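[1] just coords:
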């Protein structure tokens, strides 16, 4: 099984920032271990907004310590780039096929009330935990995501 962790930025990242993050994560995943075992880790940066870490647990299991290492690294990236990657109250959604917007919880509620966001608006379910769930349930209509329980 492949485990996935998604970290969403509070703003779009520049091409230079994506390159910096890519270099940092590339160095990290090649030496990422759990109790001395090399993890089959990888990363992806999507839409200049999402940092996605993945580990194939068929090769070695992730541990709390190895997860802590990745979180510590992402917090360093936050500081270095003056960006937030851990604010779960920032909601990303598609305004159009080509435009992804990030809104705070209060603003997102206002957008729903104004009809600018509705049940069929595509949101990003960053709570997915496996590669299969990521493929099937990451970009979904609001009505099919955890967001519906909170906002509808």
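    Received it, and whenever you're ready, just let me know what you need. Quick caveat, the model's predicted, so the values are computed rather than measured. Numbering: from 1, shown residues only.
[2] Would you mind splitting the chain into its domains for me?
    Domain assignment for the chain, taken from automatic domain parsing, gives 2-81, 90-151.
[3] now the shortest one: mean pLDDT?
    Domain 90-151 shows a mean pLDDT of 95 in the predicted model.
[4] Then the longest one?
    Confidence over domain 2-81, taken as the mean pLDDT, stands at 94.
[5] where does it sit relative to the chain's centre, distance-wise?
    10 Å (C-alpha atoms, centre = their mean, to the nearest Å).
[6] What of the last one?
    The offset between the C-alpha centroid of domain 90-151 and the centroid of the whole chain comes to 13 Å, using C-alpha atoms, centre = their mean.
[7] Between the two ends of that domain, how far is it?
    Start-to-end span of domain 90-151 (C-alpha to C-alpha, to the nearest Å) is 13 Å.
[8] Might you report the residue contacts of the closest residue to residue 92 other than its chain neighbours?
    Closest residue to residue 92 apart from its sequence neighbours, by C-beta to C-beta, 6 or more residues apart in numbering: residue 124 at 4.4 Å. Just so you know, the C-beta spots here come from the backbone N, C-alpha and C atoms, and that holds for glycine as well. Contact analysis of residue 124 by C-beta atoms under 8 Å, 6 or more residues apart in numbering lists 6, 8, 50, 92-93, 100, 138-139.
[9] Any buried residues in stretch 77-92, and which?
    Neighbour counts over stretch 77-92 (16 or more other C-beta atoms under 10 Å) mark 77-78, 81, 83, 85, 90-92 as buried.
[10] now stretch 115-135
    Within stretch 115-135, the residues that qualify as buried are 117, 121-126, 128, 131, 134, counting by 16+ other C-beta under 10 Å.
[11] still on that earlier bit, so which of the buried residues of stretch 77-92 are in strands?
    Using DSSP state E, the members of the buried residues of stretch 77-92 that fall within strands are 90-92.
[12] Pick the one among those closest to residue 13.
    Relative to residue 13, the closest of these is residue 92; by C-beta to C-beta it sits at 12.7 Å.
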